[in-house]
Structures are given as C-alpha cells and as structure tokens.
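> Build the 3D model from these lines:
(2 chains)
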Amino acid sequence: RGAWPRVAMEASELWVGFVGAGRMAGGLVRGLLQAGKVPASNVLASAPSDKNLDAWRELGCRTTHCNLEVVHRSTLVFLATKPHILPGVLEEIRPAVGSHHVVVSLVAGVTIQTLQRLLPPWTKVLRIMPNLPCVVQAGAMVFSRGSNAGDEEAALLKSLLSSCGLCEEVPESYIDIHTGLSGSGVAYVYLFAEALAEGAVKMGMPGALASRIAAQTLLGAAKMLLETGEHPAKLRGDVCTPGGTTIYALHQLEKGALRATVMDAVEAATNRACDMAKD
Amino acid sequence: HKITASSPDTDLPTVSGLRKMGVNFTVSNKDTVKSSDVLFLAVKPPIIPFILEEVGPDIEARHIVVSCAAGVTISSIEKKLSTFCPTPKVIRCMTNTPVIVREGATVYATGTHADVEDGKLLEQLMASVGFCTEVEEDLIDAVTGLSGSGPAYAFTALDALADGGVKMGLPRRLAVRLGAQALLGAAKMLLESEQHPGQLKDNVCSPGGATIHALHFLESGGFRSLLINAVEASCIRTRELQHLADQEKISPAAIKKTLLDKVKLESPSLSVAPASKVSLFTSKSKKN
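Numbering: from 1, shown residues only, chains lettered A, B, ... in the order given. The predicted structure follows:
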C-alpha cells in the first residue's frame, strides 16, 4: 500500500496493527473485538515470540514476528512494547511510516516529543495511557495528540477505545497524573479490597466469600458513583445513619488519615511517572 | 420590662448590663418566678436542684420551666417539682453562646406536661436569636457536643488560622478579621446552598492549586478525625456529668460556699450536710 488520501476512516475498513502483543495490547484488542468495532481478520499483531501471539490467533487475529509487516499492512498502528524496547523498534519501523498512518503509543513514560523525534516529521502521533481493566472492558484511558494528529484521528481513537471503557482526550501533562490515579490506582483498590476481606475474616467470615463480597461492594459503589453523578461525599452521607455502624467505621478511617495517605499515594505515583519519563 | 432576672450575686458584670437593658433585676429567685410565665433556669447544673427546691412552692400551672442546664434531664426536674406541683411544664433546651449575636443554635425537648403550644412558644422566643428546632431529649447530649461546644472549636480554629496569617506576614488584627470572615462566609454559603460541603470544598480547589495543597496537610494531620473526636468527647462528657448528677453524687464542696449560704437564707427548709454527699432530691433533710 502506498500513501492513502486523507479520508474519514470507517472503523470497519480499518486495518489495525499492534507492535507488541502483551497484556495491555491484548486488553485493548479484546475490547475492540467484543464491541464489534473491527473484524479480527483486520488485526495484525507482532511480537518476538509466539508466547503471547497464541492468544491473539485464538481471537481470530493475524500474527507475525515482523514489526515492519505490521506497519506496512495497517493504517492504525498501536505501539505496545516495553519502554526500553521502543527506541529500537521505532528506528526499525521508521522507514515504513507514512502520512496515512495513525500511530498510537501505549508505552508508559515515552512522551509525544520523544515519539515525534524518533518518527518521520509528518507522522500523526497520539499517546494513550490505559489501565488494566481495559482487559474486561471497564478501563479508564486518557490520550493526547501530537502535532499532526487532528480532530479526525482523536475522534477515531475515542470512538474505537470507548469499547474498552472510559476514554477521554487530555493535555499531555495529565497523563502522568492518570498513571498515579488510575494506572496505579487499580492496585490501590486491590489493596483496599484485600484489607476489607481480611477485616471480615477476622470477624469470622470465610475468606473466599469475603473477597467476593468485597469486590462486589467496590463494584456496586463505583457503579452508583458513575450512574448517579452525585458527589461521593453526599453518597457517603446517605449511607451513614446517625449513630450507626457506618459512621463508627468511617471515624476509624479518618483516625487513620486514610484520605491523606491516598493523596500521598497518587502524588508518589505521579511523581515517579514524571521522573521515569525523564530517563 | 417584661423580663425579670435574679441572682444572689449583684456584683456580676452581667447584672449591670441587664439593668441597662431595662430588665427588672432582683436578688429574690422567688420574685422572678412570681412575675414570670416562662421561667428560664440559667444556673449551673449542680445548682439546679437547690433552685428547684427553693422556687418549687411558687411554681404554678401557668409556668413553663425551661432548663438550659447541660446534662440535667427533664425527668429529674419533673421529679423534683412534682412534690410541689402535680403537672409541671418542663422544657429542656440546649443553646450556645452566639445567641448573643442572634446567631445561636438551640434545640429543645418538651417534658411530660408541656403542650405543643408551649414548645412552639419557646421555639418562637429562641428563633429570634438564631436557629431553633425541637429534638428528642436523647439527642441533646450530641447537640451539646456539636453546637454547644462548637463555638469553642471555631475560636480555636480561628486563633490558629490567625497565627498562620501572622506567620506569613499579616498583622494580627487583620488576620483575625479575615479568618473570622472566611469562616462566617463559608458557613453562610453552606447554609444557603443545597450542595454538600464536600462539593463546596471541591469548588474552591483548583487543580494543582494552593487550596488542595493546604487541604492535603489538613488530611495528613487527621483534621477530620480530630473534629469527630471532639464532638464525641464533649457528648460523652455531658452524659458522664448527667450520670453523676442522676446518681446524686454532687458534693457540696463543688458548690461555692457563699452561693450555698445565700440559697439557704431564702429557703430555711433546705439544708446541706457539709461533710457527706448530698441527697439532692429528698424534700426534707435533717439539719446537722
């Protein structure tokens, strides 16, 4: 394929490529396929070994060990390698990147500036930061545009990836914050869920049941937050009957300065993301 | 001029203040009772039993006895007065100091023989000096912890906020003025808004700005839990004091001797055994 004219891209006509076929890429493609956005046969993924690629083939996608092939045969190219691998990969695929390509990087810590520096100057680049639950189509993703990416490309990405969860365009400076909040944030939730369950076990409930209930509690609370649009403080107040169990428990959480600790966590992860990006 | 106030101690600064306002002042509690329909008992809690003993005989059916004494239950007052009057109308209220500037927070609970109209009358009176609403008596301790003691928490906060201002370069007077206005304005916004205080807080916190940085410090210091602790401590202490009073464990040593002497003068039937614990609710006690 040579250079394509700049036309509105219908998702169903898209040829989507993944350079790197790890867990995050796998999560995204599952979302795309489940939502019927792109036929599996239009998806081509490359990876150095077959270890990850087996799963892709099972989904009906095509696979290869050649990164260049992915670029040649796709219009929308997702870069999903590990950060230290990326510069080498970009050097490799650079000759094949044309003005028709839309290059979307999932690679943590690699800025748009770096991407644009290592790719041809006409390349349409976008950078996305997803999170793990994209794998179950309940992800939270933010993306930013590079200099050549326009409204069309942003709209395309948003429309495709909304199949994996929440997808919003943001200024690039928010991406590290998103890491601290939601990328790493998923781990904070797992920690909280574990602690909830342990509390229940201490009080006499079997562990497996406690874990399932803990998870459902988080899911239900999050769902209410998202669906009612109410302020979390209001929802919290709604659960607190005067002198009841909840307010007693909340007092314990406040005594432990849970809020400040969580703020510290988000701050630490965000700062670390910034530092790592500078490396 | 329709208000009468009494106190054995005429040297109190409040006395001259009351006189200047045109309030009838007397040293006789009995006179106050006789010239009133609504009687506010505004003595310290340990004194209440003595007062009730003293003025009990003069309480009539028309009287509405309003006790503002922290931790003194309606039933203890009714029990004491019932030796004099079969159906005493008792209302218990808990207010706070900002009634002085007509921004008080008052709650009241009506006793067995107080009618709805009696409660409404009190509510009307107290609503003129701030917010007033009826509650179940068992909530009054919690109200004490929150809005009874609340102004003290606010004064402490304001003092500290002013310190912060001074540290960062403001003159003290200005710092105090601005701090007080900030709290006043915030309280007003909250009272006039439908929004949750959490939402109002968010509205002030621009991303990455000064306020959110400051709030992080407050959270790290456990600001919220300290306030919860304070309300809880005040409420629990109120209950303790009430419990002590119910068990009639108030030692006369806790009451100023001069005050006791003045009370004894008015009420020869009342006597106190100085060395032992006083049984406060028997009608007659032997003179030692």
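> For the rest of this, base every contact and every neighbour count on C-alpha atoms.
Will do.
> Within range of chain A, give me the residues from chain B.
For chain B, the residues in contact with chain A (CA under 8 Å from any CA of the partner chain) are B:196-199, B:216-217, B:219-222, B:224-226, B:228.
> 7 Å instead, please
By CA under 7 Å from any CA of the partner chain, the residues of chain B that approach chain A are B:196, B:198-199, B:216, B:219-220, B:222, B:224-225.
> want to throw the residues you listed into CSV with neighbour count, secondary structure and pLDDT?
CSV is the format used below for those (neighbours: other CA atoms under 10 Å in any protein chain shown; DSSP: H, G, I helix; E, B strand; the rest coil; pLDDT from 0 to 100):
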residue, neighbour count, secondary structure, pLDDT
B:196, 17, coil, 93
B:198, 12, helix, 94
B:199, 15, helix, 93
B:216, 17, helix, 94
B:219, 20, helix, 94
B:220, 19, helix, 93
B:222, 20, coil, 94
B:224, 17, helix, 95
B:225, 19, helix, 95
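> Residue B:205: which of these is nearest?
residue B:199 (10.0 Å; CA to CA).
> Touching, that closest one and residue A:231? I think so.
Yes - counting by CA atoms under 7 Å, residue B:199 touches residue A:231, with 6.5 Å between them.
> Taking the residues of chain B next to chain A together, which two end up most distant?
Maximum distance among the residues of chain B next to chain A (CA to CA): 22.1 Å, for B:196 and B:220.
> Okay, buried residues for the helix or strand bottoming out on mean pLDDT in chain A please.
When each helix and strand of chain A is scored by mean pLDDT, DSSP states H and E, helix A:23-34 comes last, with a mean of 89. For helix A:23-34, burial by neighbour count (16 or more other CA atoms under 10 Å in any protein chain shown) applies to A:24-33.
> and what of stretch B:215-234?
Neighbour counts over stretch B:215-234 (16+ other CA under 10 Å) mark B:216, B:219-225, B:228, B:230-232, B:234 as buried.
> for stretch A:99-118, same thing?
Within stretch A:99-118, the residues that count as buried by 16+ other CA under 10 Å are A:99-112, A:115-116, A:118.
> and what of stretch B:98-111?
Neighbour-count burial for stretch B:98-111 flags B:99, B:104-111 (criterion: 16+ other CA under 10 Å).
> any chance of those in a markdown table, plus secondary structure, distance to residue A:173 and pLDDT?
As requested, those are exported to a markdown table (DSSP: H, G, I helix; E, B strand; the rest coil; distance: CA to CA, whole Å; pLDDT from 0 to 100):
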| residue | secondary structure | distance to residue A:173 | pLDDT |
| --- | --- | --- | --- |
| B:99 | helix | 51 | 95 |
| B:104 | strand | 48 | 97 |
| B:105 | strand | 47 | 97 |
| B:106 | strand | 51 | 97 |
| B:107 | strand | 52 | 97 |
| B:108 | strand | 55 | 97 |
| B:109 | strand | 57 | 97 |
| B:110 | strand | 61 | 96 |
| B:111 | coil | 64 | 95 |
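> Get me the contact residues on chain A for chain B.
Applying CA under 7 Å from any CA, we find that chain A lies next to chain B at A:231, A:233-234, A:251, A:254-255, A:257, A:259-260.
> Can you tell me which of the residues you listed end up in helices?
A:233-234, A:251, A:254-255, A:259-260 (DSSP state H).
> Is it possible to get a markdown table of the residues you listed that adds neighbour count, distance to residue A:277 and pLDDT?
Output for these, formatted as a markdown table (neighbours: other CA atoms under 10 Å in any protein chain shown; distance: CA to CA, whole Å; pLDDT from 0 to 100):
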| residue | neighbour count | distance to residue A:277 | pLDDT |
| --- | --- | --- | --- |
| A:233 | 12 | 34 | 94 |
| A:234 | 14 | 37 | 93 |
| A:251 | 16 | 39 | 94 |
| A:254 | 20 | 34 | 94 |
| A:255 | 19 | 36 | 93 |
| A:259 | 18 | 27 | 95 |
| A:260 | 19 | 26 | 95 |
